[in-house]
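1. test case, fold it:
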Amino acid sequence: MDDYVKVASTLPPTGQLHTLIGIALILGLGKGGVPGLATIATAATVLTAPSNIPGGLGYAVALMVPILTMIDIYAAFLHRSALDWPTVWLLLPTSFVGMVIGQFLDGYMTDTGARLLVGMILLGILALRTWKDVATFLFPSWVIQHQLSGDSKEHKEGVEGKGSMDSKEAEGLLDELNNSNHLSVEDGGGTASSTSATTRRKKKQLSPATKFLWACIVGIIGGVATMLTNSMGPILNVYLLSVAELSPQSYIGTRAMFFCFLNLGKLPIRVMGGTLGMPMAPLATGLGVVAVVGVFLAKPIVLGMNERTFVRLELGVVAFAGLRLCYMGLEQ
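-> Purely as a prediction, here's the structure:
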């Protein structure tokens, strides 16, 4: 551990401090909501781990845990006005169950098999939750004709009661669908007159039983994934954006608070495993401050981004993560 801290705390050509500062800033921007940057920072952490130090990768990954905890606490505080606590409490129990299952499976699965399994599951969940949106974007007329647009139950009943639609009705409904897809952007004040206005992009259409079922699936599978491949983030993103349908600000705060609980649980595990200790505390604290600055800088970027663009970018990153895991599993 002392050798790793020495390398990580010194400047080039012998040290990696400049690299870790850059990774911390990018990680903060990503955790603050800029789509894709958290995934880049995570990959950079693995790629830049010193290979000449025994256990260097383990130390590098463990160093990120207290930094991530600091980021998540600040991000949750920064977006506290839109934080969706019911979603956090709904996901936590099943996620801890999944972590126990994942710890058990870790002794029986190879890295290749774990990556391939998690990647396929991630892509499957993403497809189940977004195929209607993709169809609406690519084939809007077909979606209208088959009434797959996800309109309210009352609206569908009104359409079904009329029987088949003529061309003018179809055009009117198509315009309505296109207009409904242009989601409004939240103001930057962080406050709203009601909770539903700040935490949801649109009125929920899933029943409580369906949401609970999805929470169980995502929590258990995500818990397994975080123990096998440290890739629960993309799976959680699908749930928060496509099932809970949180607004960008609420998504960031809720996701941060959820991972804050998970990372606090990981801290003692890392300490007992010998990959995290007091010699790392000053370095982790300094990098954590840099990462928190990244979170602060990310908020105006996110609030200035169209919600529709934000959701598409995040789900695109999820798809990339799933494909990357499958590729890594098949390549090895």
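
2. any low-confidence regions in the stretch 101-250 of the chain?
-> 111, 114, 128-140, 142-206, 229-230 (pLDDT under 70).

3. now with 80, please.
-> 103, 106-119, 121-208, 225-234, 242, 248 (pLDDT under 80).

4. what strand or helix carries the residue lying closest to Val243 once chain neighbours are set aside?
-> Of all residues not flanking Val243 in the chain, Trp214 sits nearest, at 4.7 Å (CB to CB, 6 or more residues apart in numbering). For glycine as for every other residue, the C-beta is placed from the backbone atoms N, C-alpha and C. Assigned by DSSP states H and E, Trp214 belongs to helix 208-228.

5. tell me the buried residues in that helix?
-> 211, 214-228 (16 or more other CB atoms under 10 Å).

6. over to stretch 102-117?
-> Buried, per 16+ other CB under 10 Å, within stretch 102-117: Gly102, Met109, Ala114, Arg115, Leu116, Leu117.

7. tell me the two of these that are most distant?
-> Gly102 and Leu116 (15.2 Å; CB to CB).

8. extract the CA atoms of the helix holding Trp214 and return them as CSV.
-> Extracted C-alpha coordinates of helix 208-228, given in CSV (Å, rounded to 0.1, in the frame of the first residue of the first chain):
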residue,chain,number,x,y,z
PRO,A,208,-47.1,0.2,-7.9
ALA,A,209,-47.0,-3.6,-8.3
THR,A,210,-45.2,-3.3,-11.6
LYS,A,211,-42.7,-0.7,-10.2
PHE,A,212,-42.0,-3.0,-7.3
LEU,A,213,-41.4,-5.9,-9.6
TRP,A,214,-39.0,-3.9,-11.7
ALA,A,215,-37.2,-2.6,-8.5
CYS,A,216,-36.7,-6.2,-7.3
ILE,A,217,-35.3,-7.3,-10.7
VAL,A,218,-33.0,-4.3,-11.0
GLY,A,219,-32.0,-4.4,-7.4
ILE,A,220,-31.0,-8.1,-7.4
ILE,A,221,-29.4,-8.1,-10.8
GLY,A,222,-27.6,-4.8,-10.1
GLY,A,223,-26.4,-6.1,-6.7
VAL,A,224,-25.0,-9.2,-8.4
ALA,A,225,-23.4,-7.0,-11.1
THR,A,226,-21.7,-4.6,-8.7
MET,A,227,-20.0,-7.6,-7.0
LEU,A,228,-19.0,-9.4,-10.2
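
9. angles on the backbone of Ala246, please.
-> One correction, residue 246 is Leu, not Ala. Per-residue torsions, Leu246: phi -80, psi 150 (degrees, to the nearest 10).
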